[in-house]
Structures are given as structure tokens and as C-alpha cells.
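In: Fold the following and give me the result.
(2 chains)
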There are 2 protein chains.
Amino acid sequence: VSRVAVIIAAGGSGRRMGGVYKPLLELGGEPLLARSLAPFLARSDVHAVLVAVPPELHAAPPAWLLADPRVKTVAGGSERDESVRHALQAVPPDADVIVVHDAARPLVPSEVVERCIAAACAGRSVVAAVPVTDTIKRIAGDGTILDTPDRSLLRAAQTPQAFPAAVLRAAYSHAVAHGIRATDDAALVAGAGHTVSVVDGDVENIKVTTRLDLALAEVLLAGGET
Amino acid sequence: VSRVAVIIAAGGSGRRMGGVYKPLLELGGEPLLARSLAPFLARSDVHAVLVAVPPELHAAPPAWLLADPRVKTVAGGSERDESVRHALQAVPPDADVIVVHDAARPLVPSEVVERCIAAACAGRSVVAAVPVTDTIKRIAGDGTILDTPDRSLLRAAQTPQAFPAAVLRAAYSHAVAHGIRATDDAALVAGAGHTVSVVDGDVENIKVTTRLDLALAEVLLAGGET
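Out: Residues are numbered from 1 along each chain as shown, chains lettered A, B, ... in the order given. Down below sits the predicted model:
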């Protein structure tokens, strides 16, 4: 049985929501962060959960967050990749697989979590992703359309993203050594020379960035039929 | 002053909404189609509006739809491009500019309509578009990620799309002659050798495809803060 460590990126300052700290906003009466954690805490193969939070929250974390003994907070950095890097240093050395998930995706279905972890346990580096529904145009700097990439070969990346532990550690070492920054762990892993694949995400696994997203999440949580 | 003809693509069978004909679904007490038409009917430079609807609706259109004498229905085809082609044949020969808009985008702001029409009156072929907020991955057929296109150079196409009349007519002739099909008028125009550019769309100009989208549109209409 593989040992799974989970990194939750919850460092965001929520600039788009007027400085409110998003992960503690409530959705259906529960903090976004609690909902984002739940499907991981429900798994017996998850043995460590590192939650990267702003330093002031790391200094005084809410009691509910540490109710499960597997959960620890770490002080996040100023950018997402720095937060993940800090969390990575706190991952137990015996972890076989590391999953990274955004606190801003509170509606992640447990099936998506399972697909990501199962793939990483089989040695693959994967990112949950969904088909792109918009027609995407590639433009030049002056707004001229260059082309319309074949939509059937495009995917919108979500989290979780899951990796064999050694692969993610090596990717972050490579990124630090070469000064590479990215908001996307899969891109860092690919940049270090590893193959990354997509697994099926879920259209309801939305990223809550704006108040409108939060309203949409409430609709989804209430069971809005798609 | 330019004479503007508008084609509203309202032929969709709404397969994703269980066979319901979407354009007549109500949003805030008004049919989607009525809301999609309104910003065009408010303009004095719009002298003809062709609404491509399913044949059975063309045979018996609702009275409100024809209340403005500039509006005519045409029988749509089985696919969107066929519907637009039918409507194109009913555009008055003296139109200088043709705008194509989807009935499924009922929240299009009048400013976006103005930007599209102004550009086409100046001889440009344009599509309303917004920045892409997701990280987009390009994949191979087996799900392996090939690369992560620079998001700053990607745009999600919306409607309206607006063209000098001769350009759109030529593009459809070219498409018919070469058997080219597309769900996107801008792609047909580009395929005929014309330069197409983006103009700023609006994130609230969503396409209502699912019941979830409709719920989101109700939130937007109610003035949900973003």
C-alpha cells in the first residue's frame, strides 16, 4: 500500500475578493478549506496533510483545522510555488506519492481524488483536467488571431495534481536550481523532463476566485442540475 | 452611416438541456432570445435582424419576436453554420456590416455590441473574446501533455462576431465551395484568407448551455458582484 502525502495550497490572499482570505470563506456553512480537505481526510492511505497558509494563520491556526492528527500547517510564501515548496519540506520522507490541491477547489469529487492518487501510485504524474468548452483563439500581441487550436486536444487543468514523491521533489529542486517559477506543479514536473498526463477532472470542480464563483459554488452544492 | 444586419443563431435543439428549446427558456422572466436581441434592436444603425430558428418555429413564430418590423425569422439548418448560411441569404443586399450573435448569450452588454460593430464599420473582421483564466494544456491522443500554451496569448471567443458584409458572404461561399464546416464564423473568415482580430468581450457574456449556466445567468442578472 502506498503512503500518500497531500499538500493543500491555501496561501492565497484573495486579492480578487477585496483582500478577504478566501480559504476561510464559508460555502454551505463550512469553510472552503474544510471542504477542500475533506475528500483527502476520508482516505486511509493519506498519512500526512500539509496545509500552506499565510504566516499569521500558521502562528494561530483554527482548532478545527488541526482536529485530524494527520494535518499540519506550514507557513506559505508570497507565491503559490513558494508555498508548495515550503510544504514539500514538511512532507514525511517515506511518502510514496504527493498530491497537490488548491484550497480554492472545495467541490472536488472523491472520484477525481481517487483517479489522481491511483495513477500516481502506478508511477504516473497526472493532473485532473476537463475538456475546454470555449473556442480558444491564439493571438499575436496586437490582437490579431493567429489560429484556433483544435479544441479536442485542449484541456483545462484543475487540481488535484499527483506525482510519485521523488518526481515532485526532483522537479522543485530543478526549478530552484534553474530559477524557474510556475503557478502550476505539472508544468514544473514537465520542465524537469518528466512526462505528465491528464486524468478526468470534473466540471463541478471549479476554482473559487471571485464572489461570482462562490455564488456558483452555492448553486452546485445545492445540487443544481447540469 | 453604415447599415448593419444582425444574424441571431437560435437553431439549437438544446440537447444538453434534455431536448428543451433553449432560446425560449426564461431568464428573469424574459426568453433568452428576447434578451439576446435587445441590445441590437436598441440601435438605430441595425436595419435588419435575421433570426435562424428551427423550421417548426419559423412556421409559427411567437408574436413578440416579430413585434419589431426589422426582425424576420429564417428556417435554420441542422448545424449552426447551415443556420447562419440560410440567414445570410436573407440579409438585405445593401447591408454594409453583418453581425452574428448566439441566442444563447442573453447577457451581452451593449458596450460589447458597440465595439464589434464599430470595428466592422471600420472594415475589420472581429470577434468578442475574453482572457482565458484556466491553465490550458495541449495533449496528445493518449492524454500525454505536450505543452502549456502561454495563457497571455489565448482568448476565449464569444459572440458577437462582426464583419464587413462582403467578407462574411465571401467566407461562406468559400466554405461551401470547399466543403469546410465550422461552428465559428471567425474561423470560416480566417479560412478564406481574411485577418480576424479580437475585441474585448465581457466575462458576464456567458453562453447558456446547461441548467447550471442558466442558474449562473440568474445570479449575474440579479447583480452578483464579481
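
In: From now on I want contacts and neighbour counts done on CA atoms only, so please keep to that.
Out: Noted.

In: what about residue A:222, neighbour count?
Out: The number of residues packed near residue A:222 is 10, by other C-alpha atoms under 10 Å in any protein chain shown.

In: I should have written residue A:223 there, sorry.
Out: 10.

In: likewise residue A:68?
Out: Per other C-alpha under 10 Å, the neighbour tally for residue A:68 reads 12.

In: Tell me which residues touch residue A:5, please.
Out: With C-alpha atoms under 8 Å, 6 or more residues apart in numbering or on different chains as the criterion, the residues that contact residue A:5 are A:46-50, A:91-92, A:95-99.

In: Next SSE downstream of the helix or strand where it lies?
Out: In the assignment (DSSP states H and E), residue A:5 maps to strand A:4-9. From strand A:4-9 onward toward the C-terminus, using DSSP H and E, the following helix or strand is strand A:26-27.

In: Residues in contact with the following helix or strand past that next one: which ones?
Out: Following strand A:26-27 in sequence order, the next helix or strand is strand A:30-31 (DSSP H and E). Defining contact as C-alpha under 8 Å, 6+ apart, one finds that strand A:30-31 is touched by A:23-25.

In: hmm, who's touching the helix or strand hosting residue A:173?
Out: When secondary structure is defined by DSSP H and E, residue A:173 falls within helix A:165-178. Contacts of helix A:165-178 with the rest of the structure, by C-alpha under 8 Å, 6+ apart, involve A:85, A:88, A:95-98, A:125, A:181, A:188-189, A:191-192, A:194.

In: pLDDT below threshold where in chain A?
Out: Counting by pLDDT under 70, the ranges of chain A that qualify are A:12-18, A:224-226.

In: residue ranges of the helices in it, please?
Out: Listed from the start of the chain, chain A has helices (DSSP state H) covering A:32-41, A:55-59, A:80-89, A:110-121, A:165-178, A:185-191, A:211-221.

In: doesn't residue B:216 make contact with residue A:216?
Out: Yes: under the contact definition of C-alpha atoms under 8 Å, residue A:216 touches residue B:216, with a separation of 6.1 Å.

In: that older thread, now find how far off-centre the strand holding residue A:5 is within its chain.
Out: With C-alpha atoms, centre = their mean, to the nearest Å as the basis, strand A:4-9 stands 9 Å off its chain's centre.

In: Note down every partner strand of that strand and its orientation.
Out: With DSSP bridges as the test, strand A:4-9 is paired with strand A:46-53 (parallel), strand A:97-102 (parallel).

In: Just say which of those is most tucked in.
Out: For the strands paired with strand A:4-9, average neighbour numbers computed from mean count of other C-alpha atoms under 10 Å in any protein chain shown are highest in strand A:97-102, which has a mean of 27.

In: contact partners of that one?
Out: Counting by C-alpha under 8 Å, 6+ apart, the neighbours of strand A:97-102 from elsewhere in the structure are A:2-10, A:36, A:84, A:116-117, A:120-121, A:159-165, A:168, A:185.

In: Check stretch A:83-95 too.
Out: A:2-5, A:7, A:9, A:11, A:48, A:50-53, A:74-77, A:100, A:165, A:169, A:172.

In: mind listing what's buried in that stretch?
Out: By neighbour count with 16 or more other C-alpha atoms under 10 Å in any protein chain shown, stretch A:83-95 contains the buried residues A:83-88, A:90-91, A:95.

In: Same check on stretch A:76-84?
Out: Residues A:76-77, A:80-84 are the ones in stretch A:76-84 that count as buried (16+ other C-alpha under 10 Å).

In: Same question for stretch A:124-135.
Out: Residues of stretch A:124-135 classed as buried under the neighbour-count rule (16+ other C-alpha under 10 Å) are A:124-132, A:135.

In: So which of the residues you listed reach chain B?
Out: Of the entries in the buried residues of stretch A:124-135, the ones placed beside chain B under the rule of C-alpha under 8 Å from any C-alpha of the partner chain are residue A:135.

In: Name the residues of chain A found near chain B, please.
Out: So chain A meets chain B at A:134-141, A:143-145, A:148, A:153-158, A:187, A:195-199, A:210-213, A:215-216, A:219-220, A:224-226 (C-alpha under 8 Å from any C-alpha).

In: Sitting in strands, which of these do you find?
Out: Among the residues of chain A next to chain B, DSSP state E puts A:135-139, A:145, A:154-158, A:196-199 in strands.

In: buried subset of the residues of chain A next to chain B?
Out: The neighbour count (16+ other C-alpha under 10 Å) marks A:135-139, A:143-145, A:148, A:153-158, A:187, A:196-199, A:210-213, A:215-216, A:219-220, A:224 as buried among the residues of chain A next to chain B.

In: Many thanks, I have nothing further to ask.
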